[in-house]
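>>> Quick one: sequence and predicted model below, then my questions.
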Amino acid sequence: MVAATVKISYQGQNTVGNCGYMGCTLEEAFIHEHFPKEVKESITDKRGSEELVEAFDSLATTAFTREGLKEVLSSRPVEFSEWRIGEGLAELFLKTNFNVRFWHNYISILRVEFFVKCVEFLLVFVSVQPSWDLKNRNCSPSGVDLLGFVTEGANTLFVFCEPKTSSDLSCPPKVVYGRTVLRRQITALCTHGSTRNGLIQFLGFKVSKLPRDNPFRVDYEKALMTYVESDCKRLRLFGLLVRDTTPNEKDVISLYEHHKDIIVSELSIVFVGLYIPIKMADWKRIVDGGIA
């Protein structure tokens with residue numbers, strides 16, 4: 001079910017009902033309202049950084065080391081590149097239209113806990129810049145950019161989404177085909193259980209030290225049981241193409257045609273062409289609070 005702020009230009013589905021595609025155009029007013037808010041927050045992860053500082057505040061023994069702690073763990077300047085904006089928009093679209101839940105702030109905290117000894121050392125040398133990325137949710141080790149959860153009836157499912165951003169006038173754009181692009185990545189998730197298992201293991205490392213009642217861990221445990229009880233098949237996949245071009249079914253229909261007959265019934269995939277009625281060159285200005 002898509003929100004009222006989305007205009008559907010095209011859509012289709014296979015006979016089984018587990019593979020579909022759609023073209024959605026966001027209203028310009030929606031862009032101006034949410035780019036400077038949710039999309040910007042997704043890119044900068046200000047909330048996650050604040051929680052990181054709070055989680056490790058007890059390590060600081062003086063005002064000097066507390067400032068050093070904030071310097072190390074607070075959000076660093078982020079370039080609002082088009083692909084980052086596209087991923088932030090993809091996340092917002094899945095939240096508002098498919099009720100997908102993401103727990104990036106918990107992933108951030110757990111990654112730093114692994115390096116707590118390094119943090120203690122850096123507090124002594126507060127002028128040293130950290131060489132690792134405390135929050136790299138846009139590039140999980142298993143190669144999928146957005147990892148979340150969704151509720152279907154009494155079950156919770158893993159959600160894996162691969163978003164791509166392109167202003168290429170070709171239909172489909174070049175990011176759809178090739179060795180490291182959309183079709184190849186989605187096909188791997190459909191046909192290789194080891195690829196899916198790697199993502200689930202990656203999330204498992206993140207939740208293993210959380211309290212049992214933590215919402216991230218609760219979602220993970222429910223989704224894990226759904227997945228295992230379905231012989232390691234049942235989850236939801238999204239291939240999402242963010243565009244600033246005119247809606248065209250050719251952008252995603254080849255992806256749909258390739259996958260509609262090769263996926264098992266327990267898996268479900270939706271390919272989305274998400275169209276922004278504002279040229280990509282103006283996205284940065286809007287995210288930063290300006291008017292295009």
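Received the coordinates, thanks.

>>> What ranges in the stretch 51-200 of the chain fall below the confidence cut-off?
51-66, 68-80, 104-143, 178-180 (pLDDT under 70).

>>> where exactly do the strands run in it?
146-152, 155-166 (DSSP state E, counting those that start in this stretch).

>>> Return the most buried member of the ones you listed.
strand 155-166 (a mean of 22; mean count of other Cβ atoms under 10 Å). No exception for glycine: its C-beta is placed from N, CA and C like everyone else's.

>>> wait, Lys233 sits on Thr226?
No - at 9.9 Å, Lys233 does not count as touching Thr226 under the criterion of Cβ atoms under 8 Å.

>>> The two - which one has more neighbours?
Each of Lys233 and Thr226 has its neighbours counted (other Cβ atoms under 10 Å); Thr226 has more, 20 against 17.

>>> Would you confirm that that one belongs to a helix?
Yes - counting by DSSP: H, G, I helix; E, B strand; the rest coil, Thr226 is found in a helix.

>>> List the buried residues of stretch 177-192.
Residues of stretch 177-192 classed as buried: Val181, Leu182, Arg183, Gln185, Ile186, Thr187, Ala188, Leu189, Cys190 (neighbour count, 16 or more other Cβ atoms under 10 Å).

>>> need these in TSV with distance to Gln11, can you?
Converted to TSV, the buried residues of stretch 177-192 look like this (distance: Cβ to Cβ, whole Å):
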residue	distance to Gln11
Val181	23
Leu182	18
Arg183	19
Gln185	22
Ile186	18
Thr187	22
Ala188	25
Leu189	22
Cys190	20
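
>>> Quick check: helices, which of these are part of them?
Leu182, Arg183, Gln185, Ile186, Thr187, Ala188, Leu189, Cys190 (DSSP state H).

>>> Could you dump the strands of the stretch 51-200 of the chain into TSV with distance to Val270 added?
Formatted as TSV, the strands of the stretch 51-200 of the chain follow (distance: least, Cβ to Cβ, whole Å):
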stretch	distance to Val270
strand 146-152	11
strand 155-166	9
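
>>> between those strands, which gets nearest to Ile278?
Closest to Ile278 of the strands of the stretch 51-200 of the chain is strand 155-166 (Cβ to Cβ; 13.3 Å).

>>> Against which helices or strands is that closest one packed?
Strand 155-166 is packed against helix 82-98, strand 146-152, helix 182-191, helix 193-207, helix 215-229, strand 236-243, with contacts defined by 3 or more Cβ pairs under 8 Å, 6 or more residues apart in numbering; DSSP states H and E.

>>> what angle separates that strand from helix 182-191?
When axes from the mean of the first three to the mean of the last three Cα atoms, to 10 degrees is applied, the directions of strand 155-166 and helix 182-191 differ by 160 degrees.

>>> Pairing partners for strand 155-166, with directions?
Take DSSP bridges as the rule and strand 155-166 pairs in its sheet with strand 146-152 (antiparallel), strand 236-243 (parallel).
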